[in-house]
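> for reference, the sequence and a predicted model appear below.
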2 protein chains.
Amino acid sequence: MILEVAILTIKSGLSGEFETAFRKASPIIASMPGYLSHDLKKCVEVDDRYLLLVRWETLEAHTIGFRQSPDYQTWKQRLHCFYDPFPVVEHYTEILG
Amino acid sequence: MILEVAILTIKSGLSGEFETAFRKASPIIASMPGYLSHDLKKCVEVDDRYLLLVRWETLEAHTIGFRQSPDYQTWKQRLHCFYDPFPVVEHYTEILG
C-alpha cells in the first residue's frame, strides 16, 4: 500500500466552496483502478489548510493510472483552482505500525 | 478523533538508527491516555524523510497529556536528536471520508 500525502492550502475564504467541490469530485478518484480509500482532513492550527491522504495499491496506480486518465482532467478542473500555492504531493510506504 | 501529523527530516545517514530508536520508543506514546494508534511511514521521493501520524481521542491528549508527562522527556531524549530541522507538528480533524 502506498499513501499519497498532500497538504492543501486553499485560497483565503474559499474553504467552504472547496469542501463542496471536493465532495462532488470524490467519486472520480474513488473509481480509479488501484484506489483503496481517502480522507480529507482540516487543520486545527492553520485556516484554509487541509491534508489529503489517498491510499493506493501501488505508486503507479496514482502517478500513471490516475494522472494519465481522462478523468484526471475533470479532477483538475474542479479542484486545482482552489490551491495557492499548488501542493507538493509525496508518497509514503509503511514501515512501522 | 484528532490526527497528529509531522513530517520528520532525519539527519543524513541516520535513518536506520532512527527507525530502531523509534521502534524502541513506540511503547511510550502507545501507553498514553487518549492514544488510539500511530503509523510511521517512509517517503518514496525524499531520502531520510518520514511521516508520523498519531491518532488521539482529543487534541489535549497530545498537547497536554503527552507533552506534559514525565515520559515525554524520555521520548524527546530518544528521538529529537535525529531531527534536522525540528519538525512542525500539526493537528487535523476529519471532515470527509
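Now that the structure is in, tell me what you want to look at. In this text the structure is predicted, and so the values were computed from the model without any measurement.
> only C-alpha atoms for contact and neighbour calcs from this point on.
OK.
> how many other residues sit next to the residue lying closest to A:Met1 once chain neighbours are set aside?
Using Cα to Cα, 6 or more residues apart in numbering or on different chains and skipping residues adjacent in sequence, the residue nearest A:Met1 is A:Glu57, 4.8 Å away. A:Glu57: 15 surrounding residues under other Cα atoms under 10 Å in any protein chain shown.
> now do A:Ala61
A:Ala61 - counted by other Cα under 10 Å - has 18 other residues nearby.
> now for A:Phe87: which residues touch it?
Quick fix: residue A:87 is Pro, not Phe. A:6-9 (Cα atoms under 8 Å, 6 or more residues apart in numbering or on different chains).
> I'd like to know which elements the helix or strand harbouring A:Leu40 is packed against.
For A:Leu40, the host element (DSSP states H and E) is strand A:35-43. When contacts are defined as 3 or more Cα pairs under 8 Å, 6 or more residues apart in numbering or on different chains; DSSP states H and E, strand A:35-43 packs onto helix A:15-30, strand A:49-56, strand B:89-96.
> what values do phi and psi take at A:Gln68?
phi -100, psi 10 (degrees, to the nearest 10).
> distance check, it against B:Thr93.
31 Å (Cα to Cα, to the nearest Å).
> neighbour-wise, which of these two wins?
B:Thr93 (18 against 12).
> for the more buried one, give me the pLDDT.
What the model reports for B:Thr93 is a pLDDT of 97.
> what angle do the helix or strand bottoming out on mean pLDDT in chain A and helix B:15-30 make?
Scoring the helices and strands of chain A by mean pLDDT, DSSP states H and E places strand A:89-96 at the bottom, with a mean of 89. Angle, strand A:89-96 to helix B:15-30, by axes from the mean of the first three to the mean of the last three Cα atoms, to 10 degrees: 70 degrees.
> dump strand A:89-96 to CSV, keeping only the CA atoms.
Extracted C-alpha coordinates of strand A:89-96, given in CSV (Å, rounded to 0.1, in the frame of the first residue of the first chain):
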residue,chain,number,x,y,z
VAL,A,89,2.5,15.7,-3.4
GLU,A,90,4.6,13.0,-1.8
HIS,A,91,4.2,9.2,-1.4
TYR,A,92,4.9,7.2,1.6
THR,A,93,5.4,3.5,2.3
GLU,A,94,4.5,1.8,5.5
ILE,A,95,7.4,0.7,7.7
LEU,A,96,6.2,0.6,11.2
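> what are the contacting residues of that strand?
In contact with strand A:89-96 (Cα under 8 Å, 6+ apart) are residues A:1-7, A:59, B:23, B:39-45, B:50-51.
> quick check, central residue of chain A?
Closest to where the C-alpha atoms of chain A average out (Cα atoms, centre = their mean) is A:Leu52, at 4.7 Å.
> could you find the closest non-adjacent residue to it?
A:Leu40 (4.7 Å).
> how close does the one you found get to B:Lys24?
31 Å.
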